[in-house]
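Novice: Got a sequence here, can you build the structure:
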Amino acid sequence: MPRKLREDSSQPFLNQDDLNWIVSQLYLRRVQIEALAMDMQSIQQALSKLIDKVHIMENQWTSLRKMAHNKLHTTGDDDQLQAQCIFCWRSTKGHPPAALSGRPPKVADQAPAGREKYLSLLILFNAQAAMVTTILISVLIGVLRMMAILPNMVWTQLPCYVFYFLMLVFWQPIRGIFRSPRIVFLDRLCIPQDDEEKKAAGIRGLAGYLDRANTLTVLWSNDYFGRLWCVFELATFLRNRCNRTIQLLPVEMSMLAFLIGLCYSMVNLAHRLINEARNVTGPDYDGRVETAPWLATLRASGLVAVIGGPLIPFYIYLGLDFTMKLRLLPTQLHTFDARKASCYCCTVDHTDPRSNAPIFCDRQLILEKLTEWYGDPEDCEDTDMGVDRAIEQFNHLVRKELADVFLEMMSGRDVLWQYIYLLIGMNCPVCTYLLGDIGFPPDSIEGWALHSWRARECTSICHIFLQIFAAVQLFSTVWTLGAMYLKDHHRFMAALMLTPILIVLAVGLFYYPFRLGLELSVDGSLLPPLTAVVFEALVLVALSYTRRVAMASFTRTALESAQQLHNWQTLKQLSLRSSESGQDVPPGIVSHDDFFSV
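Specialist: Now for the predicted structure:
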């Protein structure tokens with residue numbers, strides 16, 4: 001407490017004791033201020049040391065990132081892999097994943113048009129979710145139409161199409177709201193293309209990503225095995241394939257399936273619109289248009305011919321083009337040579353077309369990796385011999401093991417299922433009017449006859465799905481047989497020749513039987529349409545078997561052609577060596593290029 005001064009005015013205001021007390025207080029305050037200054041100086045020094053440590057940690061973190069990029073192919077740490085995936089996405093201005101759950105799939109980014117690749121990825125990742133969503137929405141709208149809450153008109157099924165395309169395009173962002181996002185390694189995005197040092201590190205560490213992936217997705221096009229990058233990725237994945245799968249998705253088939261589904265939807269919508277227009281403009285006393293069964297069926301088949309007739313030759317033409325490219329696949333595999341495979345950097349003369357800056361050669365980096373994997377340690381002194389030996393080992397892997405695996409996938413049914421999901425989801429909205437019709441039975445039907453009539457209407461839903469399966473099988477079979485037996489004709493002429501055959505098969509096997517059974521059934525009898533559905537199912541099984549047999553024969557013929565071409569090239573090389581050495585050419589050797597042509 002401060003000392004109380006005396007209030008006696010007869011004495012001096014300050015005496016010696018008071019002055020001493022004031023001086024002591026001032027000295028105490030001085031000591032406190034000096035101590036506070038020393039504390040501030042200590043705090044400043046501590047902050048400086050802390051900032052220095054932060055800079056050191058930042059430099060160490062940067063060094064760890066660079067080391068991780070260069071040594072990823074030797075690490076087995078999941079956290080390390082997760083960090084590298086995040087860094088790669090950030091370096092390409094993408095959105096970093098929230099978490100890496102499990103082992104990511106690898107998507108091989110190829111050279112076809114961007115629209116086809118984008119559509120293929122939408123089918124692969126979103127088609128199933130879009131199909132399930134559309135089925136639920138279609139059933140909901142169908143029940144509302146059945147209960148007369150919604151009118152039984154075409155416009156009420158349009159929201160089904162809207163929901164389908166929304167889910168097909170935006171399912172992954174929607175899924176990310178409820179679950180952790182799916183992580184994929186897309187080489188074009190995850191390997192930097194604008195930094196040569198990072199690009200080289202990404203190529204060296206590519207095996208690390210592929211070894212940690214569960215699935216390799218191949219967006220196949222006709223020049224897939226002509227590009228060194230693509231074959232290198234696929235062969236790298238097969239080095240350690242234990243319990244891992246390869247997904248194959250031909251990008252041209254994705255566009256064809258989408259166009260076929262779109263055409264089928266247009267036919268159904270046009271059919272319903274015409275029926276509604278007829279009911280509005282020309283109904284009889286009870287609101288129904290009475291026509292002969294054969295006339296109604298003929299009118300509906302005419303509608304199919306008018307809408308599908310101009311489009312079917314176009315689809316067959318594109319399908320034949322795709323199948324002929326598929327026929328050349330065994331030849332590409334069995335004659336693969338890493339020395340002749342193309343690289344983008346070599347096609348542009350190692351110069352960026354936009355900035356004219358030099359581009360490092362990817363072929364050199366890939367050959368270094370092949371030499372490391374397949375080269376002989378004894379050839380370390382002779383670099384050229386080591387590279388040649390590694391290339392021959394790599395060529396043997398592609399021509400033998402890779403060819404068998406890829407051709408087996410091409411001829412399998414797993415490829416078709418992805419497109420069946422697409423077609424079912426795209427055409428499931430047609431079930432809404434079938435469910436709506438169930439809610440308005442004829443007034444003259446009651447009791448068990450009413451249940452039979454409703455079961456009869458439900459067979460129409462089975463008929464729709466059988467038609468979707470049949471469209472995939474029928475088009476695939478016609479394309480395969482056309483590529484086998486009409487390969488000597490012009491593709492446009494072959495498409496025109498196959499168009500009436502396809503229309504007759506489609507209408508005669510998967511349209512007329514059910515329509516006639518539906519029109520000829522008396523008082524809602526279930527037997528005629530049910531018999532037609534069973535007949536369609538049996539035809540579908542037979543058609544599936546025919547497609548597999550045709551595909552096996554097609555693949556076998558292509559393999560024989562590829563083997564003939566390989567033998568011819570071997571004999572030609574032997575002939576050239578014999579002529580250069582002055583030796584006689586062995587009998588049976590031909591020296592002209594007309595021995596085989598594809």
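Novice: I'd like the distance between the nearest residue to residue 154 once chain neighbours are set aside and residue 372.
Specialist: The shortest distance from residue 154 to any non-neighbouring residue, by Cβ to Cβ, 6 or more residues apart in numbering, is to residue 272 (4.9 Å). C-beta here means a position set from N, CA and C on the backbone, and glycine is covered the same way. Residue 272 sits 63 Å away from residue 372, going by Cβ to Cβ, to the nearest Å.
Novice: Tell me, how many residues neighbour the residue nearest to residue 154?
Specialist: The tally of other residues near residue 272 (other Cβ atoms under 10 Å) stands at 16.
Novice: That one sits in which helix or strand?
Specialist: Taking DSSP states H and E as the definition, residue 272 sits inside helix 251-281.
Novice: For that helix, name the packing helices and strands.
Specialist: helix 114-146, helix 293-308, helix 311-327, helix 414-427, helix 448-485 (3 or more Cβ pairs under 8 Å, 6 or more residues apart in numbering; DSSP states H and E).
Novice: Can you point out the buried residues in it?
Specialist: Neighbour counts using 16 or more other Cβ atoms under 10 Å place 251-258, 260-261, 263-265, 267-269, 271-272, 275 of helix 251-281 among the buried residues.
Novice: Can you check what angle separates it from helix 114-146?
Specialist: 30 degrees (axes from the mean of the first three to the mean of the last three Cα atoms, to 10 degrees).
Novice: before we move on, the earlier item: my understanding was that the residue nearest to residue 154 contacts residue 434; is that so?
Specialist: No: assessed by Cβ atoms under 8 Å, residue 272 is found out of contact with residue 434, at 10.5 Å.
Novice: any idea how far the residue nearest to residue 154 is from residue 505?
Specialist: 25 Å.
Novice: Tell me the helices and strands packed up against the helix or strand that contains residue 210.
Specialist: Using DSSP H and E, residue 210 sits within helix 206-212. Packed against helix 206-212 by the contact rule (3+ Cβ pairs under 8 Å, 6+ apart) you find helix 78-91, helix 228-238.
Novice: buried ones in stretch 187-206?
Specialist: Going by 16+ other Cβ under 10 Å, stretch 187-206 has these buried residues: 187, 189-192, 198-206.
Novice: What pairs with the following helix or strand past the helix holding residue 210, parallel or antiparallel?
Specialist: Once helix 206-212 ends, the next helix or strand along the chain (criterion: DSSP H and E) is strand 215-220. Here strand 215-220 has these sheet partners by DSSP bridges: strand 106-108 (parallel), strand 245-250 (parallel).
Novice: Least reliable of those by average pLDDT, please.
Specialist: Mean pLDDT per stretch puts strand 106-108 lowest among those, at a mean of 52.
Novice: Residues in contact with stretch 347-360: which ones?
Specialist: Applying Cβ atoms under 8 Å, 6 or more residues apart in numbering, the contact partners of stretch 347-360 are 196, 199-200, 345, 361.
Novice: What's the separation between residue 21 and residue 29?
Specialist: Taking Cβ to Cβ, one finds residue 21 at 13 Å from residue 29.
Novice: Comparing these two, which residue is more hemmed in?
Specialist: residue 21 (14 against 10).
Novice: Name the SS class of that one, please.
Specialist: helix (DSSP: H, G, I helix; E, B strand; the rest coil).
Novice: Could you check the pLDDT of it?
Specialist: With respect to pLDDT, residue 21 has a value of 78.
Novice: again, but for residue 502
Specialist: 87.
Novice: Excluding covalently adjacent residues, which one is nearest to it?
Specialist: Distances taken as Cβ to Cβ, 6+ apart place residue 478 nearest to residue 502, at 5.3 Å, with adjacent residues excluded.
Novice: That neighbour is in contact with residue 323, isn't it?
Specialist: No: contact criterion Cβ under 8 Å: residue 478 and residue 323 do not qualify, at 9.5 Å.
Novice: Looking at the two, which is more packed in?
Specialist: Applying other Cβ under 10 Å to residue 478 and residue 323 shows that residue 478 carries more neighbours, namely 25 against 22.
Novice: Next one: residue 256 from residue 430, what distance?
Specialist: Applying Cβ to Cβ to residue 256 and residue 430 gives a distance of 21 Å.
Novice: Below-threshold pLDDT in the stretch 151-300 of the chain: ranges please.
Specialist: By pLDDT under 70, the low-scoring segments of the stretch 151-300 of the chain are 240-243, 278-300.
Novice: swap the cut-off to 90 and go again
Specialist: Low-confidence regions of the stretch 151-300 of the chain, defined by pLDDT under 90, span residues 151-159, 172-300.
Novice: What of the stretch 401-550 of the chain?
Specialist: For the stretch 401-550 of the chain, the ranges with pLDDT under 90 are 401-533, 536, 540-550.
Novice: Now with 80, please.
Specialist: Across the stretch 401-550 of the chain, the ranges flagged by pLDDT under 80 are 401-418, 437, 439-447, 449, 487-488, 518-525, 547-548, 550.
Novice: List of residues touching stretch 140-157?
Specialist: 138, 159-160, 269, 272-273, 276, 429-440.
Novice: Tell me the buried residues in it?
Specialist: 141-146, 150, 152, 154, 156-157.
Novice: now, the most widely separated pair of those?
Specialist: Greatest spacing in the buried residues of stretch 140-157, by Cβ to Cβ: 143 and 154 (17.4 Å).
Novice: Using neighbour counts, trim the contacts of stretch 140-157 to the buried set.
Specialist: Buried among the contacts of stretch 140-157 by 16+ other Cβ under 10 Å: 138, 160, 269, 272, 429-439.
Novice: and which of those is nearest to residue 470?
Specialist: Nearest member of the buried ones among the contacts of stretch 140-157 to residue 470, counting by Cβ to Cβ, is residue 430, at 15.1 Å.
Novice: SS state for the closest one?
Specialist: helix.
Novice: Which residues are in contact with it?
Specialist: 157, 265, 268, 464.
Novice: Same question for residue 22.
Specialist: Per Cβ under 8 Å, 6+ apart, neighbours of residue 22: none.
Novice: Would you mind measuring from it to residue 35?
Specialist: 21 Å.
Novice: Disregarding residues adjacent in the polypeptide, which is nearest to residue 476?
Specialist: In space, residue 476 is closest to residue 547, 5.3 Å off (Cβ to Cβ, 6+ apart).
Novice: element containing that neighbour, please.
Specialist: Residue-wise, residue 547 maps onto helix 527-581 under DSSP H and E.
Novice: still on that earlier bit, let me have the helices and strands packed on helix 251-281 in TSV, extended by distance to residue 181.
Specialist: Formatted as TSV, the helices and strands packed on helix 251-281 follow (distance: least, Cβ to Cβ, whole Å):
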stretch	distance to residue 181
helix 114-146	11
helix 293-308	40
helix 311-327	33
helix 414-427	21
helix 448-485	31
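Novice: Mind checking the ones you listed for the one nearest to residue 229?
Specialist: Short answer: helix 114-146, nearest of the helices and strands packed on helix 251-281 by Cβ to Cβ, at 14.8 Å.
Novice: next helix or strand past the closest one?
Specialist: Moving toward the C-terminus from helix 114-146, the next element (DSSP H and E) is helix 158-178.
Novice: after that following helix, next one along is what?
Specialist: strand 185-186.
Novice: Show me what that following strand is packed up against.
Specialist: Using 3+ Cβ pairs under 8 Å, 6+ apart: strand 185-186 touches strand 106-108.
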